[in-house]
Each structure stands twice: as structure tokens, then as C-alpha cells.
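A.B. asks: Give me a model of this one.
(one chain, ligands or ions: 3)
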Amino acid sequence: MSEQRPVGPLDSSQIPRFAGFATFARLPRIDEVPSADVAVVGVPFDSGVSYRPGARFGPSALREASRLLRPYHPGLDVSPFAEKQVVDAGDIAVNPFHIGEAIEKLQQEAEALTAGETKLVTVGGDHTIALPLLRAAAKKHGPVALLHFDAHLDTWDTYFGEPYTHGTPFRRAVEEGILDTSAVSHVGTRGPLYGKRDLEEDRRLGFGIVTSGDVLRRGIDETVDALRQRIGDRPLYVSVDIDVLDPAHAPGTGTPEAGGMTSRELLEILRGLRGLNLVGADVVELAPAYDHAEITAVAASHVAYDLVSLLALGRDA
Ligand SMILES: N=C(N)NCCCC(=O)O
Ligand SMILES: [Zn+2]
Ligand SMILES: [Zn+2]
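C.D. replies: Ligands and ions are numbered 1, 2, ... in the order given. As a prediction, this is how the structure comes out:
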């Protein structure tokens with residue numbers, strides 16, 4: 001960061017928070033400041049879904065819901081927008097009719113945005129987008145540790161013979177060698193699978209699993225301790241599929257599964273990650289057409305705020 005003080009969000013005591021353009025948390029756009037430490041970027045893409053479409057409208061819904069965020073995070077004791085220059089980098093517009101082209105372009109744009117010191121919190125879009133984001137992260141940092149919050153494994157092989165879908169990004173990532181498979185974990189998984197083989201193959205790929213039931217039985221602190229031990233000081237990428245939350249907490253998503261985590265549990269676990277070597281993160285699968293009263297969009301905006309806050313705190317926080 002330069003000596004200049006970061007440009008923060010609009011002051012909601014001066015300009016009502018429901019007025020004006022909806023950038024994330026009412027922050028400046030990337031082109032309004034000389035450089036950015038953290039950029040929130042949208043990817044309105046949902047051509048990889050296997051069930052209900054609509055996550056292409058996730059970025060705009062999350063931005064609208066983020067109008068209510070405030071500048072101080074008491075849980076992490078940080079004012080992320082004062083500590084670091086945080087910006088909204090707009091949307092990466094990708095081809096909705098060509099998944100291969102879309103993920104190539106997304107990888108290039110993510111690499112361009114992170115060419116300097118900028119770290120990304122990407123808002124999807126469906127989970128297909130995690131693959132090119134992980135590619136970009138690994139190109140910069142080497143194979144990364146992965147914390148994957150999701151009802152689903154997303155390590156299936158293909159859908160209808162297609163390798164790039166929202167149910168397959170993490171299998172592709174292991175095959176491509178861009179994950180440090182000594183530290184890859186799913187958190188919050190649950191629900192019916194196609195067969196027991198799904199779990200066996202997932203384990204063979206190297207993943208550890210903390211189910212939503214495990215979180216309930218072990219509690220937050222034990223869950224966080226185990227995850228932190230596995231991650232150590234490796235470069236870490238965090239991918240949050242909003243369907244990790246119970247449909248009561250996140251109805252606005254394409255493949256909902258009963259028995260999920262509460263938003264309180266998810267946010268507490270994220271706060272437990274402070275000081276780790278977080279290099280990038282995403283929040284995906286917010287599909288506002290199935291939402292009610294912005295329940296899911298509000299939850300997703302708080303998840304994004306926590307991820308931004310973790311990045312603003314940095315290592316050794
Ligand atoms: N929501 C994500 N990312 N994946 C769900 C895939 C579940 C299925 O089609 O069986
Ligand atoms: Zn999912
Ligand atoms: Zn997913």
C-alpha cells in the first residue's frame with residue numbers, strides 16, 4: 001500500500017445506504033484508486049450447473065445486500081477498509097455459451113488482477129469458476145491448500161461426459177496438480193450421493209471431510225483447531241459454496257440440501273482462520289431467484305466481508 005490512506009466506503013450517515021450505485025460494501029471501484037490490496041470481483045456465470053440455474057445473478061444480488069455492511073468488524077477486531085485499500089473490481093464478463101472459453105478468460109483476468117499485490121475475493125457464479133481461480137492462485141503461489149465449504153464434494157468426474165461443471169472443479173484441480181493435497185478439506189458436506197464410491201474416490205484424491213454433523217458434534221473450536229493444523233502456513237485458498245448453509249439460512253441456491261450449517265457456524269469458523277496465509281477466496285452459488293427477503297444474499301455478503309477482513313488482517317494477525 002502507498003502512504004495514501006485507503007479510500008473507504010461511502011459514509012452511510014451522510015449518504016443513505018440505499019442510495020447510489022451498488023459496489024461491494026459501497027467501496028470505490030478499482031479504477032477510482034491507484035492500487036488495491038483486496039478486490040472483490042464478480043463472475044456472473046452459471047452455465048456449469050446441474051440443477052437450478054440463476055447464479056449468474058449472484059454478484060449483483062450480493063452487492064445490493066452488502067449495502068448494509070459497516071466498516072468495523074468486531075469479531076476480528078479490524079476495520080478492513082481502513083487497514084487496506086479494498087475495491088470493487090466489477091464483473092469479469094465471460095461467454096455463457098462456451099464453458100471452456102469462459103474458464104480460460106476467467107483465469108487470464110484473475111491472473112491480470114493479481115499480477116501485483118492485489119488479492120481477490122471472487123463472487124460467483126456457479127462453482128465451475130473455482131477451477132480457473134485456483135489455477136491463477138497456484139500459478140502465483142504454487143499448489144495451494146484448500147478449504148472448501150460446501151454441501152457437496154464437487155469432486156465428481158464428469159456430467160454428461162463434460163469435465164468442466166460445477167460438480168467437478170476440485171477433481172480437475174487435483175488432476176492438474178494445483179492443490180497441495182496434504183491440506184485439502186471439505187467442510188459442511190452432507191446429503192445423498194450417487195454411491196459410496198463418491199466418498200472413496202474423494203478420499204483417494206486426498207480430501208479430508210468435516211461433515212455438517214461433525215461441526216455440530218465437535219463444535220467450532222475443535223473444528224477450527226483441526227483445520228488449522230492441517231493447513232499450517234501453506235498458501236490457502238478458501239472456497240465457500242453458499243449451499244454449505246442449511247436451506248433455512250440459504251434458500252437462494254441451485255442445489256439445496258437439508259441438514260446444513262447455520263450462518264453463525266460458518267462465520268465463526270471463518271473467523272477462526274485469522275492469521276493463516278490466505279491468498280484468495282470465493283463465494284459461489286448464490287442464486288437470488290430462489291431467495292426470500294435477501295436471506296441468502298445477506299449471508300453471502302457477510303461471508304464476503306469476513307473473507308475480505310481476513311485478507312485485510314493478513315498473516316500473523
Ligand atoms: N452446488 C455445486 N457446486 N455442486 C452440486 C452438484 C450436485 C449434483 O449435481 O449432483
Ligand atoms: Zn454445493
Ligand atoms: Zn459447490
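
A.B. asks: Report pLDDT for the residue nearest to residue 29 when sequence neighbours are not counted.
C.D. replies: Counting by CB to CB, 6 or more residues apart in numbering, residue 88 is the residue found nearest to residue 29 once chain neighbours are left out, at 5.6 Å. Where you see a C-beta, it was placed from the backbone N, CA and C, and this is true even at glycine. The pLDDT attached to residue 88 in the predicted structure is 99.

A.B. asks: got a list of contacts for the helix or strand containing residue 88?
C.D. replies: Taking DSSP states H and E as the criterion, residue 88 maps to strand 86-91. Defining contact as CB atoms under 8 Å, 6 or more residues apart in numbering, one finds that strand 86-91 is touched by 6, 23-25, 27-30, 32-33, 36-44, 59, 63, 80, 113, 120, 308, 312.

A.B. asks: What subset of the residues you listed is buried?
C.D. replies: Among those, those classed as buried by neighbour count (16 or more other CB atoms under 10 Å) are 6, 23-25, 27-30, 33, 36-44, 59, 63, 80, 113, 120, 308, 312.

A.B. asks: now, which of these lie within helices?
C.D. replies: Among the buried ones among the contacts of strand 86-91, DSSP state H puts 59, 63, 80, 113, 308, 312 in helices.

A.B. asks: pretty sure the last one is touching residue 83, no?
C.D. replies: Yes - Residue 312 lies in contact with residue 83 (CB atoms under 8 Å); the separation is 4.7 Å.

A.B. asks: sorry, back to before: what about the residue nearest to residue 29, distance to ligand 2?
C.D. replies: When CB to the ion, to the nearest Å is applied, the distance between residue 88 and ligand 2 equals 25 Å.

A.B. asks: cool, and residue 277?
C.D. replies: When distance is defined by CB to the ion, residue 277 is 25 Å away from ligand 2.

A.B. asks: How about the contacts made by that residue?
C.D. replies: Contact partners of residue 277, counting by CB under 8 Å, 6+ apart, are 233-236, 315.

A.B. asks: ok, and for stretch 272-288, which residues are buried?
C.D. replies: By neighbour count, with 16+ other CB under 10 Å as the criterion, the buried positions of stretch 272-288 are 272-274, 276-288.

A.B. asks: averaged over its residues, what pLDDT does that stretch have?
C.D. replies: Stretch 272-288 shows a mean pLDDT of 98.

A.B. asks: interface residues of this protein facing ligand 3?
C.D. replies: 127, 150, 152, 154, 241 (CB under 5 Å from the ion).

A.B. asks: closest to residue 227 among the residues you listed?
C.D. replies: Nearest to residue 227 among the residues of the chain next to ligand 3 is residue 150, at 14.3 Å by CB to CB.

A.B. asks: Counting neighbours, what do you get for residue 45?
C.D. replies: By other CB atoms under 10 Å, the residues close to residue 45 number 29.

A.B. asks: Give the closest residue to it in space, chain neighbours not counted.
C.D. replies: Excluding its sequence neighbours, the residue lying closest to residue 45 (CB to CB, 6+ apart) is residue 125, at 4.6 Å.

A.B. asks: Torsion angles phi and psi at the one you found?
C.D. replies: phi 80, psi 160 (degrees, to the nearest 10).

A.B. asks: Out of the ones in helices among the buried ones among the contacts of strand 86-91, flag the one nearest to ligand 1.
C.D. replies: When those are compared for distance to ligand 1, the smallest value, 16.3 Å, is given by residue 59; criterion: CB to the nearest ligand atom.

A.B. asks: The closest one contacts residue 40, correct?
C.D. replies: No - applying CB under 8 Å as the test, residue 59 and residue 40 come out as separate, 9.0 Å apart.
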